[in-house]
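Asks: return a 3D structure for these sequence lines:
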Amino acid sequence: MRKTNIQPWTKEWEIAYDREQKLLKEILKDELVNIFHIGSTSLPAIGYAKPIIDMLIVVKDIEKVDRYNEALRKVGYEPKGENGIAGRRYFPKGKPNRTHHVHIFQVGNEHIQTHLDFKMYLMAHPEDAKAYGELKLKLARQFPEDHHKYQEGKQEFVNGLVEKARSWGASR
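Replies: Numbering: from 1, shown residues only. Alright, predicted model coming up:
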């Protein structure tokens, strides 16, 4: 069972994102449209996160991403296909101690805007970001040996934030 590892936010996560996005841009350059740092490591206002850099990559054609599996494997990524989300390609890096999660979607996929609205909402609403960070810390202390229970514990709160972010994003 995976342990829950929550750490205080650090500028090192921005540096790690920058380094990795340069590598991924070079590999995916022919299909790449854009790349974003998402998730808690991208939001200092949350205050705490698992030390795993989440990256959202937008490509021209999702079907062509599979052609890059071997190149991504060579730099440590594990191709997982859709991994439960239709239209996505998912690549974790660093098993058993993950360092990155890459989520790739084709231009126009609704998940792109959902992720970006979530990040922008929390940037614009630091009180919600702080509450999310405090919940993460509380759950990590409550379930240090059970990452699944940690994830379950924050799901309802995250779902509420996603809905707030969608409404906020649609009104902008």
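Asks: give me the element the spatially most central residue of the chain is part of.
Replies: Nearest to the geometric centre of the chain sits Asp54, at 3.0 Å (C-alpha atoms, centre = their mean). Under the criterion of DSSP states H and E, Asp54 resides in strand 53-59.
Asks: only C-alpha atoms, please: export that strand in PDB.
Replies: Extracted C-alpha coordinates of strand 53-59, given in PDB (Å, rounded to 0.1, in the frame of the first residue of the first chain):
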ATOM      1  CA  ILE A  53       4.600  17.300 -10.500                       C
ATOM      2  CA  ASP A  54       1.300  17.100 -12.500                       C
ATOM      3  CA  MET A  55       1.600  18.200 -16.100                       C
ATOM      4  CA  LEU A  56      -1.200  18.800 -18.600                       C
ATOM      5  CA  ILE A  57      -0.100  18.500 -22.200                       C
ATOM      6  CA  VAL A  58      -2.400  19.500 -25.100                       C
ATOM      7  CA  VAL A  59      -1.700  17.800 -28.500                       C
END
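Asks: packing partners of it?
Replies: The contact analysis (3 or more C-beta pairs under 8 Å, 6 or more residues apart in numbering; DSSP states H and E) places strand 53-59 against helix 12-28, strand 32-38, strand 100-106, helix 110-124. Every C-beta, even on glycine, is put in place using the N, C-alpha and C of the backbone.
Asks: the residue nearest to the centre of the chain and His101 touch, don't they?
Replies: Yes: with contact defined as C-beta atoms under 8 Å, Asp54 reaches His101; the gap is 4.9 Å.
Asks: quick check: neighbours shared by the two?
Replies: Here Asp54 and His101 share the contacting residues Gly39, scored by C-beta atoms under 8 Å, 6 or more residues apart in numbering.
Asks: report all helices and strands that the longest helix seen in the chain contacts.
Replies: What stands out as the longest helix in the chain, according to DSSP state H, is helix 147-171. Helix 147-171 is packed against helix 110-124, helix 126-142, with contacts defined by 3+ C-beta pairs under 8 Å, 6+ apart.
Asks: next one: that helix to chain centre, how far?
Replies: Relative to the chain's own centre, helix 147-171 is displaced by 13 Å; criterion: C-alpha atoms, centre = their mean, to the nearest Å.
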